[in-house]
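**Q** Below is the sequence, then the predicted model.
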Amino acid sequence: MALPTVAIIGRPNVGKSTLFNRLIQRQEAIVNETAGVTRDRHYGEAEWLGQVFRLVDTGGIVAEDLTELTEAVQAQTEYAMAEAQLILFMINAREGATATDHDIAMQLRKIDKPVVFVANKVDTAEIEVDIESLYRLGFGEPHLISSEHGQGVGDLLDALLEALPHTGQFEEAEVSVQVALVGRPNVGKSSLVNRILGEQRHLVDATPGTTRDAIDSRVRVNKKLYTLVDTAGMRKPRRIGETLEQTSVDVSLKRIQRCEVAVLMVDATDGMRDQDVRIASYIERQGKACVVAVNKWDAIEKKDGTYEAFVQSVAEATPFLSHVPVISLSALSGQRVVKLFPLIDSVVEASRQRISTGQLNDFLKTAIERRPPPLYRGKAVKFSFMLQTSVQPPTFLCFVNRPTGVAQHYQRYLENQLRQTFGLSGTPLRIQFRKK
């Protein structure tokens, strides 16, 4: 049976994301004084007293001054409420029950689901809370907490477990392949996730920067489970202005560090830009497997050789990614989206591959016979043996009499031969040289 789901609901800036981060014990959701930072549904898993449950952080509900974007945020929140088994309704204790809080309370009573009522930002005993006004919301006495400092959170978790429906044994969390979708703003990352999931899971808007958090979505394709991480678009450093945008970019970079494979999305109508190269370079430095997805392929005029020319432009701009598979697709129409996952599987498998020491030394002997290393200061460079020390990325250690004498072009030769011999396309390689 699937894990029970708890949705955190409330108006903007009452502390929902702060509580979400505390309960999942990671800094996943962006927290900022600016109201309305959270826009998409944000999922995580929390555990208390051996019970694991799914937690959903939602965008703040507003009652007036609705725009197309805020209406989309509210639609995301309503979806979270519909799929949850339990609602955690949060208000700001310092401000008391506002008109918007009363509107939300009325909405919650209509959906007929258990509600745990929370009054946040009770950071000190000196803060006065108008309990009588909170009772008028119709959910009894609230749990007084400070999501920032942790006061009262243990009692709140006890109440959550008591209120969760117990209809059988819940499944343990299944390990999934972590896939980060990265790229410049407005290249179609959220649209691609929505196309894969078959629902409007992530907000899509023509305004660059609509996605702020790195949003996780789980999907099963061909019996394999993937976690798709839709990250915020990354602009050139000099164009990043507000602190909030910088925080979003920092979160995106951290998710690249934690993923198994990065799908670098490029806009076919723009071509390969300098910022695409910077992001690709970061992926390579982090040692992550990679697939380049050229989106909006349906929006460009094509003739014989268009795809090959684009692949060539990617290789010329990022020679360090010459081994990475490139796929053209359209998130809007769905063209070739289904072919993305076999490529993801292929590069992840390559990044996890272990090669025996015997195979590596047979390879090394053949590579040296085919092309002996150049002399170093008039003296021979002699290799003794080779072994693999780690995976993700595959890392190899070569013992050699003159480690500093292994020329850069010969290191590239060994890397290319490794890829061709053992099928290591799509993943960075690391070759280290040590004196015997």
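**A** Received, thanks. Residues are numbered from 1 along each chain as shown.
**Q** How about the strand or helix carrying residue 134, which residues are buried there?
**A** Secondary-structure assignment from DSSP states H and E places residue 134 in helix 131-135. For helix 131-135, burial by neighbour count (16 or more other Cβ atoms under 10 Å) applies to residue 134. Heads up, the C-betas are built off the backbone N, CA and C, glycines and all.
**Q** What is whichever helix or strand comes after that helix packed up against?
**A** Once the chain leaves helix 131-135, the next helix or strand it forms, by DSSP H and E, is strand 143-144. Contacts defined by 3 or more Cβ pairs under 8 Å, 6 or more residues apart in numbering; DSSP states H and E place strand 143-144 against strand 115-120, helix 153-163.
**Q** what lines up beside strand 143-144 in the sheet?
**A** strand 115-120 (parallel) (DSSP bridges).
**Q** How about exporting the strand it pairs with as CSV, limited to the C-alpha atoms?
**A** In CSV, the C-alpha atoms belonging to strand 115-120 read as follows (Å, rounded to 0.1, in the frame of the first residue of the first chain):
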residue,chain,number,x,y,z
VAL,A,115,-7.3,18.3,9.7
VAL,A,116,-4.5,18.9,12.1
PHE,A,117,-4.6,22.6,13.1
VAL,A,118,-1.2,24.4,13.6
ALA,A,119,-0.4,27.9,14.8
ASN,A,120,3.2,28.6,13.8
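**Q** Measure how it sits relative to helix 153-163, angle-wise.
**A** Counting by axes from the mean of the first three to the mean of the last three Cα atoms, to 10 degrees, strand 115-120 lies at 170 degrees to helix 153-163.
**Q** List the contacts of the helix holding residue 134.
**A** Residues from elsewhere that reach helix 131-135 (Cβ atoms under 8 Å, 6 or more residues apart in numbering): 91, 93, 96, 97, 117, 119, 141, 142.
**Q** what's the offset of it from the middle of its chain?
**A** Averaging C-alpha positions (Cα atoms, centre = their mean, to the nearest Å) puts helix 131-135 40 Å from its chain's average.
**Q** What's the separation between the residue positioned nearest the centre of the chain and residue 154?
**A** Centrality entry for the chain: nearest residue to the mean C-alpha point is residue 229, 2.8 Å, by Cα atoms, centre = their mean. Distance of residue 229 to residue 154, given as Cβ to Cβ, to the nearest Å: 30 Å.
**Q** remind me which residues of the stretch 151-300 of the chain are low pLDDT?
**A** Counting by pLDDT under 70, the ranges of the stretch 151-300 of the chain that qualify are 166-174, 199-214, 232-248.
**Q** those strands in it, which residues are they?
**A** 177-183, 215-221, 224-230, 261-267, 289-295 (DSSP state E, counting those that start in this stretch).
**Q** who touches the fourth one?
**A** The one in question is strand 261-267. 177-184, 186-189, 192, 256, 272, 276, 279-280, 283, 288-296, 314, 340, 344, 347-348, 351.
**Q** could I get it in PDB with only the CA atoms?
**A** Extracted C-alpha coordinates of strand 261-267, given in PDB (Å, rounded to 0.1, in the frame of the first residue of the first chain):
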ATOM      1  CA  VAL A 261      22.100  11.600 -14.200                       C
ATOM      2  CA  ALA A 262      21.600  15.200 -15.400                       C
ATOM      3  CA  VAL A 263      19.400  15.900 -18.500                       C
ATOM      4  CA  LEU A 264      20.800  19.100 -19.900                       C
ATOM      5  CA  MET A 265      17.900  20.700 -21.800                       C
ATOM      6  CA  VAL A 266      18.800  23.000 -24.700                       C
ATOM      7  CA  ASP A 267      16.400  25.200 -26.700                       C
END
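**Q** hang on, the earlier thing: tell me the average confidence for the helix holding residue 134?
**A** Averaged across helix 131-135, pLDDT comes to 83.
**Q** So residue 45: helix, strand or coil?
**A** Recorded secondary structure, residue 45: strand (DSSP: H, G, I helix; E, B strand; the rest coil).
**Q** That one bridge partners, please.
**A** residue 54.
**Q** For burial, what's the neighbour tally of it?
**A** 15 (other Cβ atoms under 10 Å).
**Q** Cross-check the contact I'm expecting between it and residue 54.
**A** Yes: under the criterion of Cβ atoms under 8 Å, residue 45 makes contact with residue 54 at 5.9 Å.
**Q** Common neighbours of those two, please.
**A** Listed as contacting both residue 45 and residue 54 by Cβ under 8 Å, 6+ apart are residue 3.
**Q** hang on, the earlier thing: format the helices and strands packed on strand 143-144 as JSON lines; extra columns: mean neighbour count and distance to residue 331.
**A** Formatted as JSON lines, those follow (neighbours: other Cβ atoms under 10 Å; distance: least, Cβ to Cβ, whole Å):
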{"stretch": "strand 115-120", "mean neighbour count": "24", "distance to residue 331": "37"}
{"stretch": "helix 153-163", "mean neighbour count": "16", "distance to residue 331": "37"}
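**Q** No further questions, thank you.
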